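Peer 1: Below are the sequence and a predicted model for it; my questions follow.
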Amino acid sequence: MARIEILNLHEIKQFSNPPILNHQEKEYFFRLPKLIYDKIVLFEDKNAIIIVTLLYGYFLKSNKFYYTAAFHDEDISFIIKDQHFKIDCPEKTFYRYKQIVKQYLAINNYTYEIENILQNEANILSSNFIHRKKIFYALVDLSIKL
């Protein structure tokens, strides 16, 4: 069975990696709300503020969470003002930090209802012979709204 290419390699890389932010965007997106900051400052993990700040900022910019391995070194340096700092975060801890951001931003979990809505929309779009890439981005936009 042949695979249908929806996105080219450059578009896949752009979609699956954190956005590249300029200085003004970093100032805006990497400013944690007081409610989140007050919660994570109590954690013993010294990486908590950095990880949650990056999760929060990247999600605000792209509506997507990224793993710590994908974080840009320049963004880490921007937050902590240290050029050679590496983040170490176990998966369970990372999940807990992600839940803090999701709770603050009131992000819904993926459910069967959402899946059905997306599937119906995909069927409608594909039956109208819309280009694959437009279908993909329309479904991404719809999932953000849901």
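Peer 2: It's in.
Peer 1: Touching stretch 124-139 from outside, list them.
Peer 2: With contact meaning C-beta atoms under 8 Å, 6 or more residues apart in numbering, stretch 124-139 is reached by I4, I6, L7, E11, L118, E121, A122. The way it works is simple: take the backbone N, C-alpha and C, and place the C-beta from them, glycine included.
Peer 1: how near is Q119 to L139?
Peer 2: Separation of Q119 from L139 (C-beta to C-beta, to the nearest Å): 9 Å.
Peer 1: Counting neighbours, go ahead and name the busier of the two.
Peer 2: L139 (16 against 12; other C-beta atoms under 10 Å).
Peer 1: Could you give the number of residues near F65?
Peer 2: 18.
Peer 1: Could you report the separation of it from L35?
Peer 2: For F65, the distance to L35 - C-beta to C-beta - is 19 Å.
Peer 1: buried set for the host helix or strand of K133?
Peer 2: Here K133, judged by DSSP states H and E, is contained in helix 132-145. Within helix 132-145, the residues scored as buried using 16 or more other C-beta atoms under 10 Å are I135, F136, A138, L139, S143.
Peer 1: Nearest to K26 among those?
Peer 2: S143 (26.1 Å; C-beta to C-beta).
Peer 1: pretty sure the closest one contacts L118?
Peer 2: Yes: assessed by C-beta atoms under 8 Å, S143 is found in contact with L118 at 6.2 Å.
Peer 1: Quick check: the farthest pair among the buried residues of helix 132-145?
Peer 2: I135 and S143 (12.5 Å).
Peer 1: and I124, how many neighbours?
Peer 2: With other C-beta under 10 Å as criterion, I124 counts 12.
Peer 1: Below-threshold pLDDT in this structure: ranges please.
Peer 2: Applying pLDDT under 70 to the chain flags residues 1-4, 82-86, 129-130, 146.
Peer 1: could you dump the helix or strand containing T53 to PDB, C-alpha only?
Peer 2: For T53, the host element (DSSP H and E) is helix 48-62. Output of helix 48-62 as PDB, limited to C-alpha atoms (Å, rounded to 0.1, in the frame of the first residue of the first chain):
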ATOM      1  CA  ALA A  48      11.000  22.900  36.900                       C
ATOM      2  CA  ILE A  49      10.800  26.700  36.100                       C
ATOM      3  CA  ILE A  50      12.800  26.300  32.900                       C
ATOM      4  CA  ILE A  51      10.800  23.300  31.600                       C
ATOM      5  CA  VAL A  52       7.400  24.700  32.500                       C
ATOM      6  CA  THR A  53       8.400  28.100  31.100                       C
ATOM      7  CA  LEU A  54       9.400  26.500  27.800                       C
ATOM      8  CA  LEU A  55       6.300  24.300  27.700                       C
ATOM      9  CA  TYR A  56       4.100  27.300  28.400                       C
ATOM     10  CA  GLY A  57       5.700  29.600  25.800                       C
ATOM     11  CA  TYR A  58       5.900  27.000  23.000                       C
ATOM     12  CA  PHE A  59       2.300  26.000  23.600                       C
ATOM     13  CA  LEU A  60       1.200  29.600  23.500                       C
ATOM     14  CA  LYS A  61       3.000  30.100  20.200                       C
ATOM     15  CA  SER A  62       2.200  26.800  18.400                       C
END
